[in-house]
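Asker: all I have is the shape, not the residue letters:
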Ligand code: MN
């Protein structure tokens, strides 16, 4: 039986639609080349394992597990990244609905949350991400700092939104100035969508 492979999701907006915050060239390379590479590598690993099982041969179990974690992490995190962004004209400047209330409860106010998230992203060593997560057990928002695509993950905490601070995410537009890119990023977030996702995550946790 052949199982499904992973696919690069199409963007819900045009490549130039996040300008001036993310340029067409930057977005195109990031989506079509970098994200695509994680999907391609992940599928190759899955096919290699399937083949090895059919043939009854060994593969490098340690290296494979590591590579799957890296490429699967890369794929999933980029999925969130494309999904949560929207052209600036449609973006809301601040969180809305239930999520806005939780941010206020857990961080005091949006400015404090924004500062913590920004600093978490800015201080990633090398390549990585900041992600807002939600602990369904304690009903608490928590900010996670991910190195690469897979290190320092909080297991089992659903992700609500992310920012990619790999140099490949911003180098064409902002050169080495990661902070400028993170500042720009806040202008193109679709908080309505993020809040809808948050509500789904909460409902799932009650089942
Ligand atoms: Mn990326």
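Answerer: Received the coordinates, thanks. Treat the numbers as computed from the prediction; the structure is a model and nothing was measured. Numbering: from 1, shown residues only.

Asker: and stretch 11-26, how far out from the chain middle?
Answerer: 17 Å (Cα atoms, centre = their mean, to the nearest Å).

Asker: in it, what's buried?
Answerer: 11, 13, 15, 17-19, 21-23, 26 (16 or more other Cβ atoms under 10 Å). Just so you know, the C-beta spots here come from the backbone N, C-alpha and C atoms, and that holds for glycine as well.

Asker: which outside residues touch that stretch?
Answerer: 27-28, 31, 82-83, 85-88, 169-170, 172-173, 184-185, 187-188 (Cβ atoms under 8 Å, 6 or more residues apart in numbering).

Asker: does it reach the ion?
Answerer: No - using Cβ under 5 Å from the ion, we find that stretch 11-26 stays clear of the ion, coming within 10.5 Å at best.

Asker: start and end of that stretch, how far apart?
Answerer: Terminal residues of stretch 11-26 lie 14 Å apart, using Cα to Cα, to the nearest Å.

Asker: I'd like the average pLDDT over it.
Answerer: Throughout stretch 11-26, pLDDT has a mean value of 98.

Asker: which residues touch the residue nearest in space to the middle of the chain?
Answerer: Of all residues in the chain, the one closest to the mean position by Cα atoms, centre = their mean is residue 77, 3.0 Å from it. Residue 77 makes contacts with 129, 131, 146, 149, 159, 162, 164, as judged by Cβ under 8 Å, 6+ apart.

Asker: sorry, back to before: which one among the buried residues of stretch 11-26 gets closest to residue 50?
Answerer: residue 11 (29.8 Å; Cβ to Cβ).

Asker: for the closest one, give its distance to residue 5.
Answerer: 20 Å (Cβ to Cβ, to the nearest Å).

Asker: name the residues that touch stretch 101-112?
Answerer: 94-95, 100, 113, 116, 134, 140-141, 198.

Asker: report the mean confidence score over the lengthiest helix in the chain.
Answerer: As assigned by DSSP state H, the longest helix anywhere in the chain is helix 61-84. The pLDDT scores in helix 61-84 average 98.

Asker: buried residues in it?
Answerer: 67-68, 70-84.

Asker: pretty sure residue 164 sits against residue 129.
Answerer: Yes - between residue 164 and residue 129 there is a contact under Cβ atoms under 8 Å: 5.7 Å.

Asker: state the distance from the residue of the chain found nearest the ion to residue 59.
Answerer: Nearest residue of the chain to the ion: residue 164, at 4.2 Å (Cβ to the ion). Distance, residue 164 to residue 59, by Cβ to Cβ: 30 Å.

Asker: so which of the two has more stuff around it?
Answerer: residue 164 (27 against 13; other Cβ atoms under 10 Å).

Asker: and that one, how far from residue 201?
Answerer: From residue 164 to residue 201 the distance is 21 Å (Cβ to Cβ).

Asker: got it, and residue 194?
Answerer: 10 Å.

Asker: identify the contacts common to those two.
Answerer: Between them, residue 194 and residue 201 share the contacting residues residue 160, judged by Cβ under 8 Å, 6+ apart.

Asker: those two: which is more packed in?
Answerer: Neighbour count, other Cβ under 10 Å: between residue 194 and residue 201, residue 194 has more, with 20 against 17.
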